[in-house]
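1. need a structure here:
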Amino acid sequence: MSELQDSIKRIAKKICEAHQQLPGPEFVIEFGKLVEQMFLGEYAKTIDGIQAGEISAVEFGLVYLEVQPYFHRSQYIRTKLIRLLKHSPLSLAHAKRFKLILELEHDKKMKSPATAMRKHLGNQTQIN
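-> Here you go, the predicted model:
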């Protein structure tokens, strides 16, 4: 496992622990610090780097999506990274990895209980 993957997992665990242990205002402050730390030291700079197609920032975004960390607001961050990467200049290798991530994401959604329920309910309304 890469150092970046380890770092993302370690900080995600710290965020989860802080969420459980700290009261609201203290957690918000700690959450901000930990997210900055996770995003190569500066969230906004990494986001701008992804938009510009900077290799290290794009690599971070892809690793984050591959690791799929789970913590407070992690899905929001995941969605934002996917949206940014869709519109960012990517190398051929990064584009292939991103395509695989999107395919796996699609497969996961298609197998989810919520998707099965929507399909079931959609079929029932067509029958009636």
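2. For the chain, which residue occupies the most central location?
-> residue 78 (2.3 Å; C-alpha atoms, centre = their mean).
3. Show me the helices in this structure, by range?
-> 3-21, 24-38, 43-52, 55-67, 74-86, 92-110, 113-127 (DSSP state H).
4. Just name the most buried of those helices.
-> Among these, helix 55-67 has the highest mean neighbour count (mean count of other C-beta atoms under 10 Å), at a mean of 19. From N, CA and C alone the C-beta is placed, and that goes for glycine too.
5. before we move on, the earlier item: which of the helices of the chain has the lowest mean pLDDT?
-> Confidence, taken as mean pLDDT, is least for helix 113-127 of the helices of the chain (a mean of 72).
6. Show me how far that one is from its chain's centre.
-> Between the centre of helix 113-127 and the centre of its chain there are 28 Å (C-alpha atoms, centre = their mean, to the nearest Å).
7. hang on, the earlier thing: ok, the residue nearest to the centre of the chain to residue 54 distance?
-> Separation of residue 78 from residue 54 (C-beta to C-beta, to the nearest Å) stands at 19 Å.
8. Residue 68 too?
-> According to C-beta to C-beta, residue 68 and residue 54 sit 22 Å apart.
9. what does residue 108 give?
-> As judged by C-beta to C-beta, residue 108 and residue 54 stand 28 Å apart.
10. Could you do residue 110 as well?
-> The gap separating residue 110 from residue 54 is 33 Å, by C-beta to C-beta.
11. Residue 96 now?
-> For residue 96, the distance to residue 54 - C-beta to C-beta - is 18 Å.
12. can you check residue 72 too?
-> Taking C-beta to C-beta, one finds residue 72 at 27 Å from residue 54.
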